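J.: Give the three-dimensional model of this entry:
(chains A, B and C)
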Amino acid sequence: MTDHETKIIIAGFGGQGVVVAGNIIARACVIEGKNVTGMVSYGAEMRGGTANATVVISDREIAGPFVERPDIAIIMNQPSLDKFEDMIVSRGLAVLNTSLVDRNVQRRDLDVAEIEASRIAHRLGNVRVANIVAIGAFAARTNLLEMSSLARGIEDLFKSKKAALVDINKEALRQGAQMMARFKE
Amino acid sequence: MSSQGKILLKGNEVMSEAAIQAGCRFFAGYPITPQNEVPEYMSKRMPQVGGTFIQAESEIAAINMIFGASAAGARCMTSSSSPGISLKQEGISYIAAAQLPCVIANMQRGGPGLGNIRASQADYFQAVKGGGHGDYRLIVFAPSTLPELYKLTMNAFDYADYYRNPVMILGDGILGQMAEPVEILPYEPIVELPEKDFVLDGCKGRKPRVLKTLFLRPSMALVRHNDLLQASYKKITAELKLHEETETDDAELVIAAYGITARIAKGAVKIARQNGMKVGLIRPITLWPFPDEPFKRAARTADRFLVVEMSGGQFIEDVKLASECKKPVEFLGSGGGWYPTPDNIFEKIQTIYETEALVD
Amino acid sequence: MEFKRPTALLDACTHYCGGCGHGIVHRLVAEVIDELGIRQRTIGTAPVGCAVLLYDYFNCDIIECAHGRPPAVATGMKRVLPDRIIFTYQGDGDLAAIGTSETIHAANRGENITTIFINNAIYGMTGGQMAPTTMIGQRTTTTQDGRDITSEGPPIKVCELLSSLDGVAYLQRVAVSTAKDVIKAKKAIKKAFVNQIEGRGYSLVEVLSMCPTDWKLTPKQAVDFVNNEMKKVFPLGVYKDKK
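T.: Sure, this is the predicted structure:
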């Protein structure tokens, strides 16, 4: 049915930067000329709870910004896994921040990309870039977006107010992708 | 700014920037979710362009500041969400009565009462049928995407000036909160703008002017003023009906939806067509004046209508009126924060096809 | 000196009752506008209440507002046209009941406008109901045994109330019940307009004014009522004069 739409959810607790992560993915889509909608849980979504951002990407007109059944879930903590595991479409992808998730994915029909995002971020000197590490992993695993677009998305977002954060975020993106590529081999 | 010249903005920001581009130089508002990005954006942008932003003490004060700013000749705007729009109704009635141009945005949320902060389309009657006291009309625009929100917001200022009538942007929490790439195109007037010969700026070189809404004497003065307003509404009705049709030519079932719901319904039309069902969509862009002709036409060619709206059933009344109840009108909708997905709507379409045996 | 109609007043017969204070205050405002030479850049706001028709009397641009909203409307106008002179002319119901919020916040923002506040302790146009400034024991059509402090509370003293706001530039309470008072009132009104011309911010002149009809008194008794009763509850004087 909506075969050309890719629906992504990024979920975690407040402060994990799920909104920023969604924003950077959406910016990368704009850079690549894809149609995209972004939405942040402000309480408008039917299934509330943890903080989440949703992104819908398509080459065609997008019907609506909501994601009921994500194709890709970037899961930053345990409660988000508990909540969203069942919603992911069959053969969908779960990107898991294993630093803050203490169980495996139960479903057998999902592709799972595990990444110690928080630990890598901590090693980089700022645990708050775990979201970007996870995006790096997602990008390497899916090839949905160019790494260069995501890097530019980071620049666009941070350059005006938090220019000092550009480098560490780009490094987080690189390491997330590299770690995923290594697992692939 | 990306290579395509598009930038990613939230709906509330898109609308605010469109207003700035269109020359809006006065904004007064009061915080309420889900439209807080509007006053926030305006507080930052207005000083940059030499305009005024005021965080008013209430929505009542905000709309009355608009009354004053418009009388003083500024392009001006206020925004709110449902409960706040209720508070503004007093001022809206006065502004309409005084025939002052301004733009009012309602990013609707769930009601009645304090409701919730989810998206809703339950203020349709309030926007389209009145809301405040007296016989007046607002021009009501219902954008369904962010690029359209950008365009219609600019147009709203032009039509407000052209017809000397307040224009409402009737959005909702989804439209306000979602982000989408938008090209920030430069403003160009959509109509030839009349001279503002009503402005109160001091009577230098002319006779003093009065802007008022009280008509006590002579006894027929208010009747005459009402006739004047009705003549203006008649002109607007004749000139400004806007709508969009999708695959209605051969449609057996025509969906009617507006705003964000129409966008979602378009997704459902696509699914239905992929499944061999002849389904189309009529999307009013102006809710007042209501584009009745496409519904009259569809009532001749289609078998049935399906209204989808995020309320218990308000817009459906105008669809029935416009189609003169010539064909059955089905309904999918609910208030309080419910929203449809393309799949929901498609399921409803399937049910209609099964029970009514449209495919034969 | 020749006594003639100020240019800022139209040649009209007002609808005000005999002995009403509005006519005096209209004239004082018009004289001040003439003396300052600002008629052609002045915009007045008409309130809801007896003065709603003031556009029939003033020879300048006028906007008529919803009840209680003149401070908000004036705010919108003044921000768009900062070099024009905007005055609000408001009664006690307009300013201190239905429009209390608009009054306090415009004052607190220090909006550079001039407010003429007519306090006659009663609702005139609607036929003599209790005002926020109706005094304890005063009979009105909605306090027929007299205002009772336990159920209606005491009268609101606007100058005292606003004097606590840092945004306010100037507050003075005057009366128009004696010749001396009228002269003082004009001085205060002039100062409130000059303040605006000089950009000093929100200036309000509260005028204790007669309403013989709704007080059910003769014009002479009404003047005595202001002098003997109202001035006790609402002491005249300058409540704020920010340097």
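J.: Please make it C-alpha for all contacts and neighbour counts, starting now.
T.: Noted.
J.: Under the pLDDT cut-off, which ranges of chain A? List them.
T.: A:1-3, A:42-49, A:183-185 (pLDDT under 70).
J.: So which residues on it come close to chain C?
T.: Within chain A, no position is near chain C by C-alpha under 8 Å from any C-alpha of the partner chain.
J.: just the strands in chain A please.
T.: Here chain A has its strands, by DSSP state E, at A:6-12, A:35-40, A:51-58, A:72-75, A:93-97, A:111-115.
J.: most packed of these?
T.: For these, the largest average neighbour count (mean count of other C-alpha atoms under 10 Å in any protein chain shown) is found in strand A:72-75, namely a mean of 28.
J.: strands paired with that strand, and their directions?
T.: Strand A:72-75 has its sheet partners listed here by DSSP bridges as strand A:6-12 (parallel), strand A:93-97 (parallel).
J.: On the pLDDT front, check whichever residue of the stretch 151-300 of chain B sits closest to chain C for me.
T.: Using C-alpha to the nearest C-alpha, the single residue of the stretch 151-300 of chain B nearest to chain C is residue B:202, 4.0 Å away. On the pLDDT scale, residue B:202 is placed at 98.
J.: do residue B:169 as well
T.: On the pLDDT scale, residue B:169 is placed at 98.
J.: isn't there a strand covering it?
T.: Yes - membership of residue B:169 in a strand is supported by DSSP: H, G, I helix; E, B strand; the rest coil.
J.: List the beta-bridge partners for it.
T.: Beta-bridge partners for residue B:169, by DSSP bridges, are residue B:105, residue B:141.
J.: Next one: it from chain A, what distance?
T.: Distance of residue B:169 to chain A, computed by C-alpha to the nearest C-alpha, to the nearest Å: 19 Å.
J.: helix, strand or coil for residue C:170?
T.: strand.
J.: what's the neighbour count on it?
T.: Applying other C-alpha atoms under 10 Å in any protein chain shown, we find 26 residues neighbouring residue C:170.
J.: Just grab the bridge partners of it for me.
T.: Using DSSP bridges, the bridge partners assigned to residue C:170 are residue C:203, residue C:241.
J.: which residues touch it?
T.: Counting by C-alpha atoms under 8 Å, 6 or more residues apart in numbering or on different chains, residue C:170 touches C:192, C:202, C:203, C:204, C:238, C:239, C:240, C:241, C:242.
J.: quick one: pLDDT of it?
T.: Looking at residue C:170, the pLDDT reads 98.
J.: didn't the residue of the stretch 151-300 of chain B closest to chain C look like it was pressed against residue C:82?
T.: No - using C-alpha atoms under 8 Å, residue B:202 makes no contact with residue C:82, being 11.9 Å away.
J.: Who has more neighbours out of those two?
T.: residue B:202 (25 against 16).
J.: Name the SS class of the more buried one, please.
T.: From three-state DSSP, the assignment for residue B:202 is coil.
J.: Relative to chain A, how far out is it?
T.: Relative to chain A, residue B:202 is positioned 44 Å away (criterion: C-alpha to the nearest C-alpha).
J.: Then residue C:233?
T.: 52 Å.
J.: ok so, going back, name the residues contacting each of residue B:202 and residue C:82.
T.: Listed contacts common to residue B:202 and residue C:82 are nil; contacts here mean C-alpha under 8 Å, 6+ apart.
J.: Could you pick out the residues of chain C near chain B for me?
T.: Counting by C-alpha under 8 Å from any C-alpha, the residues of chain C close to chain B are C:39-43, C:55, C:59-66, C:69, C:72-77, C:79-81, C:84, C:101-102, C:105.
J.: Helices - which of the residues you listed land there?
T.: Counting by DSSP state H, the residues of chain C next to chain B place C:72, C:73, C:74, C:75, C:76, C:77, C:79, C:80, C:101, C:102, C:105 in helices.
J.: contacting residues around residue A:85?
T.: A:94, A:105, A:107.
J.: hmm, I was thinking of residue B:208
T.: B:202, C:59, C:60, C:61, C:62.
J.: who does the helix or strand where residue C:231 lies touch, helix- and strand-wise?
T.: Element membership for residue C:231 (DSSP states H and E) is helix C:231-233. On a contact count with 3 or more C-alpha pairs under 8 Å, 6 or more residues apart in numbering or on different chains; DSSP states H and E, helix C:231-233 meets no helix or strand.
J.: Show the average pLDDT along that helix.
T.: Regarding helix C:231-233, the rounded mean pLDDT is 98.
J.: roughly how far is that helix from the heart of the chain?
T.: Computed by C-alpha atoms, centre = their mean, to the nearest Å, the separation of helix C:231-233 from the middle of its chain amounts to 17 Å.
J.: Can you verify my assumption that residue C:72 contacts residue B:58?
T.: No - counting by C-alpha under 8 Å, no contact exists between residue C:72 and residue B:58, whose distance comes to 10.1 Å.
J.: Can you pick out the residue with more neighbours from the two?
T.: A count of neighbours by other C-alpha under 10 Å puts residue C:72 above the other of residue C:72 and residue B:58, at 30 against 19.
J.: Skipping its backbone neighbours, what lies nearest the more buried one in space?
T.: Leaving out its chain neighbours, the residue that sits closest to residue C:72 by C-alpha to C-alpha, 6 or more residues apart in numbering or on different chains is residue B:65, at 4.9 Å.
J.: Quick check: that neighbour is in a helix.
T.: Yes - looking at residue B:65 with three-state DSSP, it is inside a helix.
J.: residue contacts, it?
T.: Contacts for residue B:65 were tallied using C-alpha under 8 Å, 6+ apart; they are B:28, C:72, C:73, C:74, C:75, C:76, C:77.
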